[in-house]
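>>> I'd like to go over a predicted model; first the sequence, then the structure.
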Amino acid sequence: MTATYENIATTTLGSSASSVSFTSISSGFTDIVAVLSMKATSGSVSGVGMRFNNDTATNYSFTYLNGNGSTAVSARSSNSSGISVGPTNFAITETANTFSPSVVHIQNYSNATTNKTAISRGNDAGNGVAATVGLWRNTAAINRIDFYMFAGNFDTGSTFTLYGIKAE
């Protein structure tokens, strides 16, 4: 079975913003993949989180693994108000012309009978690489995704693209 990626939406920031939202997401796909290229504004180096359906309650859990070439760290967060994604639990930088890429895969997002899971991979040139697995303890179909900075803002030029995957 082959899979087809369909571009749902792309947002490129023309000015700094603390969050980016994708709303009214169609349920016509099997999975969703978000491809992010992020940079923090000067003085607002921060981590990045993700929430579904505007849910800011403590219904999320995640486990992450970070490495920088000499040290590896892993930890878990339960009852969180979002899933840490991208350069997980270390800050995306404000280094000139350096954007931190991340890919987030959300499985069975439109299924209305199971909790939702996500896997993210990301890196930051100044800090290392990260992988995260996250859980949203809710069976609702996902129709909105918010990416946000834990503190500060995404810088101008940060790009967020959402793809739907259709199994054929």
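Right, received. Where do you want to start? Worth saying up front: this structure is predicted, and the values here are computed from it rather than measured.
>>> what separates residue 109 from residue 157, distance-wise?
According to C-beta to C-beta, to the nearest Å, residue 109 stands 27 Å off from residue 157. In short, each C-beta sits where N, CA and C put it, glycine included.
>>> Pick out whichever of the two has more residues nearby.
Between residue 109 and residue 157, residue 109 has the larger neighbour count (other C-beta atoms under 10 Å), namely 23 against 15.
>>> any idea what sits nearest that one, other than its immediate chain neighbours?
residue 142 (4.2 Å; C-beta to C-beta, 6 or more residues apart in numbering).
>>> residues touching the one you found, list them.
25, 32, 52-53, 106, 109-110, 116, 136 (C-beta atoms under 8 Å, 6 or more residues apart in numbering).
>>> Equivalent analysis for residue 144, please.
Contacts of residue 144 (C-beta under 8 Å, 6+ apart): 21-25, 52-54.
>>> Narrow those to just the buried residues.
In terms of neighbour count (16 or more other C-beta atoms under 10 Å), the buried residues within these are 22, 25, 52-53.
>>> got these as CSV, with secondary structure and pLDDT columns?
Below are the buried ones among the contacts of residue 144 laid out as CSV (DSSP: H, G, I helix; E, B strand; the rest coil; pLDDT from 0 to 100):
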residue, secondary structure, pLDDT
22, strand, 98
25, coil, 96
52, strand, 98
53, coil, 98
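>>> hey, where'd the strands end up in this structure?
3-12, 19-22, 31-38, 48-52, 60-67, 72-80, 83-85, 100-107, 116-124, 128-136, 145-149, 159-167 (DSSP state E).
>>> right, so these: which one is the most enclosed?
strand 83-85 (a mean of 26; mean count of other C-beta atoms under 10 Å).
>>> Would you pull up how far that one lies from the middle of the chain?
Averaging C-alpha positions (C-alpha atoms, centre = their mean, to the nearest Å) puts strand 83-85 6 Å from its chain's average.
>>> Got the phi and psi for residue 110?
Main-chain dihedrals, residue 110, degrees, to the nearest 10: phi -100, psi 0.
>>> That one touches residue 27, doesn't it?
Yes - using C-beta atoms under 8 Å, residue 110 makes contact with residue 27 at a distance of 3.8 Å.
>>> Could you tell me which residues touch both of those two?
By C-beta under 8 Å, 6+ apart, the residues touching both residue 110 and residue 27 are residue 141.
>>> Between those two, which has more neighbouring residues?
residue 110 (19 against 12).
>>> give the contact list for that one.
Per C-beta under 8 Å, 6+ apart, neighbours of residue 110: 27-29, 141-142.
>>> ditto for residue 30
Counting by C-beta under 8 Å, 6+ apart, residue 30 has contacts 3, 108, 165-167.
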